[in-house]
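1. fold the following for me, if possible:
(chains A and B)
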Amino acid sequence: MAGKTLYDKLWDDHVVHTENDGSCLIYIDRHLVHEVTSPQAFDGLRLAGRKPWNVARNLAVADHNVPTNHRDQGITDPISRLQVETLDKNCAEFGITEFGMSDIRQGIVHVIGPEQGATLPGMTVVCGDSHTSTHGASGALAFGIGTSEVEHTLATQCLVQKKAKNLLINVNGEVGKGVTAKDIVLAIIGEIGTAGGTGYTIEFGGSAIRALSMEGRMTVCNMAIEAGARAGLVAVDDVTIDYYRNRPLSPKGDDWFMAERVWQNLHSDKDAVFDKVINIDATKIKPQVTWGTSPELVVAVDAVVPNPADETDAVKAQSMQRALDYMGLQAGQKITDIQIDKVFIGSCTNSRIEDLRAAAVVVEGKKVAANVKQALIVPGSGLIKQQAESEGLDKIFIDAGFEWRDAGCSMCLAMNADRLEEGERCASTSNRNFEGRQGYGGRTHLVSPAMAAAAGIAGHFVDVSSWIGE
Amino acid sequence: MKAFTTLTSIVAPLDRANVDTDAIIPKQFLKSIRRTGFGVYLFDEWRYLDQGQPDMDCTNRPINKDFVLNKPQYKSAQILLTRENFGCGSSREHAPWALEDYGFRAIIAPSFADIFYNNCFKNGLLPIALDAEIVDGLFKELTDDYALTIDLAAQTIATPSGKTIAFNVDENRKFRLLNGLDDIGLTLQHADKIHAYETERAKRAPWLFREVSI
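-> Alright, predicted model coming up:
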């Protein structure tokens, strides 16, 4: 019998019951809750007179709507405020632990989960947010769910799921200077498309993935959903285990040693069979910049904006033309000639300490270009902000003309006051370049933190690999 | 949840690939703590010429006349015909809520994003994935009064030309949708199994079952 993939192991370990059509009742170890996708779920519980199955398995935080400055003044927008207050009330009523807006541990739900050890290797993790895939970086089966499933998880600690297929993406070789986890994952999406991973759980492997820190692996798994896969995974190794030592919710004492032994087995067996395998040569990946309104519309920074006329598929060509029109770009235009109006460094993709350090290296001693109206740095959590300040990164950013904000989702989806105005163009470290995502009529280019920082200094995209060499 | 059995309706064609849930219902409307009332903001940025705000009265907003749902012949459409990877991006269930609240009951496309697909079944909305060539054929056949009949029990779509197209749907999802059943109630019938799993798992991973407060 063939060995198991990491996904097979995680799945088998959580099956509570199997239906006759193959769908399974899967046990959920950790449920993360935020303010946007939970109010209707709590209402559902109340209407049915139900209680959470196990309150201790839930951890809540408000992140999407929270302001990233003047937090002491509360939330100005009454509708946003009501949503955050509703989360506070629901957590209090049902007894769920919540990090409030003024708690130093508050931050983006997918940043605080691993940071607190609330999401651990071997767990099943769900949240009413598609970027829950992030937690797969620690060898956990983690995926986003809708509000009905939030309610279902609260009430039963289980979800009815059908097993996905296994996809292995091997990224082998050493990446070049200035090439980061973000460039790797954007290059993968460029290669396989935004539906390339639909129906699969993606395991990311290969020497280039092994060489990444936990933060980098989180960036890669975070964007598995942008490749269509609900879940991304990276096998557990020493990097994973070292990361989880002494986290507040990590196992303690004898539990730690037992957990370590169990976690060592969280990798695909050598003879495991994948439904599909894709090999990517890491040495060929250059810093990436998206030019369109879907993450798959991406090219290397030294390339030009593609021409829809060169696309043979009529539906794709039409999408490309629509993207060019929305983005205000011309086919054939050099990426490095694209001028930007704003910079956003943050989001569950790229707001961890390593991301802030990478950006700080680029901006140190320089100034934001005159044509850049706003450059935001939004740390992923209060604790990351504190850590960055202890390293003096805040000073580097502020001296260069960046704004140093409080933790939250911020301009990744512009549910709070941080947003693009119509027609504004942004170098953004977030995960989606959809029409209107960062603000009505706003134009998003997805890049790594180093690339966003460099664009902020130059006023247009630049190849950060040559920049670092200067 | 509304049950879905059969449906005969005219078809609105949305000829775009990779329609994301941010387009289906923009983020500002997600601030609502209710589950209803999203239909008037469905495809807000494509449907209206101004910028939509939560709780806005939409009756006098300037309309984008070129957008398919604004064409009078599609006003009563309950079936949406679209292209691949429909519903990609954010997991927001507000997307199926908006589609259902607007009046759609079925969506036909070559493929759907996984989370969106799953969310549809929780809201009485039937997503039907067909081969890209068949979908392309439907787009070509489509006229202003083009109506399809969907029979979920039989898993068929009948076209005006008399063709019958078969489609796939999981047994379990079909059963729940046909009967409009509440998933949680069904799962709680397995409460003893969930307890047994927890007892057994606590032996293998005791650290997950410690009382820890942070």
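2. so in the chain, which helix runs the longest?
-> Picked chain A for this. The longest helix of chain A (DSSP state H) is helix A:78-94.
3. my question was about chain B, not that one.
-> Chain B, longest helix under DSSP H: helix B:191-204.
4. hey, C-alpha coordinates of it in CSV?
-> Once non-C-alpha atoms are left out, helix B:191-204 reads as follows in CSV (Å, rounded to 0.1, in the frame of the first residue of the first chain):
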residue,chain,number,x,y,z
ALA,B,191,-23.0,13.9,19.0
ASP,B,192,-22.0,10.6,20.6
LYS,B,193,-19.4,10.0,17.9
ILE,B,194,-18.0,13.5,18.4
HIS,B,195,-17.6,12.9,22.1
ALA,B,196,-16.0,9.5,21.4
TYR,B,197,-13.6,11.1,19.0
GLU,B,198,-12.6,13.7,21.6
THR,B,199,-12.0,11.0,24.2
GLU,B,200,-9.8,9.0,21.9
ARG,B,201,-7.9,12.0,20.5
ALA,B,202,-7.1,13.3,24.0
LYS,B,203,-5.0,10.2,24.5
ARG,B,204,-3.0,10.9,21.3
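5. now do the contacts for A:K4.
-> By Cβ atoms under 8 Å, 6 or more residues apart in numbering or on different chains, the contact set of A:K4 is A:12, A:268-269, A:272. For glycine as for every other residue, the C-beta is placed from the backbone atoms N, C-alpha and C.
6. leaving out chain neighbours, which residue sits closest to A:Q40?
-> B:R35 (4.4 Å; Cβ to Cβ, 6 or more residues apart in numbering or on different chains).
7. go on, B:N179?
-> Once flanking residues are discounted, B:N179 sits nearest to B:A3: 5.9 Å by Cβ to Cβ, 6+ apart.
8. report the secondary structure state of the one you found.
-> Put simply, B:A3 is coil when judged by DSSP: H, G, I helix; E, B strand; the rest coil.
9. just give me the longest strand of chain B.
-> Using DSSP state E to define each element, chain B has its longest strand at strand B:6-14.
10. for it, what is the distance to the chain centroid?
-> Relative to the mean C-alpha coordinate of its chain, strand B:6-14 is positioned 14 Å out (Cα atoms, centre = their mean, to the nearest Å).
11. close to chain A, is the very next helix or strand once past that strand?
-> Heading C-terminal from strand B:6-14, the first helix or strand you meet, by DSSP states H and E, is helix B:21-24. Yes: judged by Cβ under 8 Å from any Cβ of the partner chain, helix B:21-24 and chain A are in contact via B:22-23.
12. remind me what helix B:21-24 packs against, helices and strands.
-> If contacts are counted by 3 or more Cβ pairs under 8 Å, 6 or more residues apart in numbering or on different chains; DSSP states H and E, helix B:21-24 sits against helix B:94-102.
13. once you drop chain neighbours, what's closest to A:T18?
-> Counting by Cβ to Cβ, 6+ apart, A:T18 lies nearest to A:C24, which is 5.1 Å off, once chain neighbours are set aside.
14. equivalent analysis for B:E45, please.
-> Closest to B:E45 by Cβ to Cβ, 6+ apart is A:G436, at 5.1 Å.
15. what is the neighbour count of the one you found?
-> For A:G436, the tally of surrounding residues (other Cβ atoms under 10 Å in any protein chain shown) stands at 27.
16. cool, and A:N350?
-> 33.
17. report pLDDT for it.
-> We note a pLDDT of 98 for A:N350 in this prediction.
18. and the helices in the stretch 301-450 of chain A?
-> Along the stretch 301-450 of chain A, the stretches classed as helices by DSSP state H, counting those that start in this stretch are A:314-327, A:353-363, A:382-390, A:393-400, A:449-458.
19. nope, chain B is what I was after
-> B:21-24, B:44-47, B:94-102, B:114-121, B:132-141, B:171-179, B:183-188, B:191-204.
20. distance between the second one and the chain's centre?
-> The one in question is helix B:44-47. The answer for helix B:44-47 is 18 Å, by Cα atoms, centre = their mean.
21. for that helix, packing partners?
-> Counting by 3+ Cβ pairs under 8 Å, 6+ apart, helix B:44-47 packs on no helix or strand.
22. now do B:C58 against chain A, distance only.
-> B:C58 is 16 Å from chain A, where distance means Cβ to the nearest Cβ, to the nearest Å.
23. next, count neighbours for the residue lying closest to that residue once chain neighbours are set aside.
-> Spatial nearest neighbour of B:C58, chain neighbours left out: B:V40 (4.5 Å); criterion: Cβ to Cβ, 6+ apart. Residues contacting B:V40 under the criterion other Cβ under 10 Å number 18.
24. A:S38 now?
-> A:S38 has 28 nearby residues by other Cβ under 10 Å.
25. which ones are touching the nearest residue to A:L212 once chain neighbours are set aside?
-> Closest residue to A:L212 apart from its sequence neighbours, by Cβ to Cβ, 6+ apart: A:A181 at 5.4 Å. A:A181 makes contact with A:212, A:215-217, A:219-220, A:448 under the criterion Cβ under 8 Å, 6+ apart.
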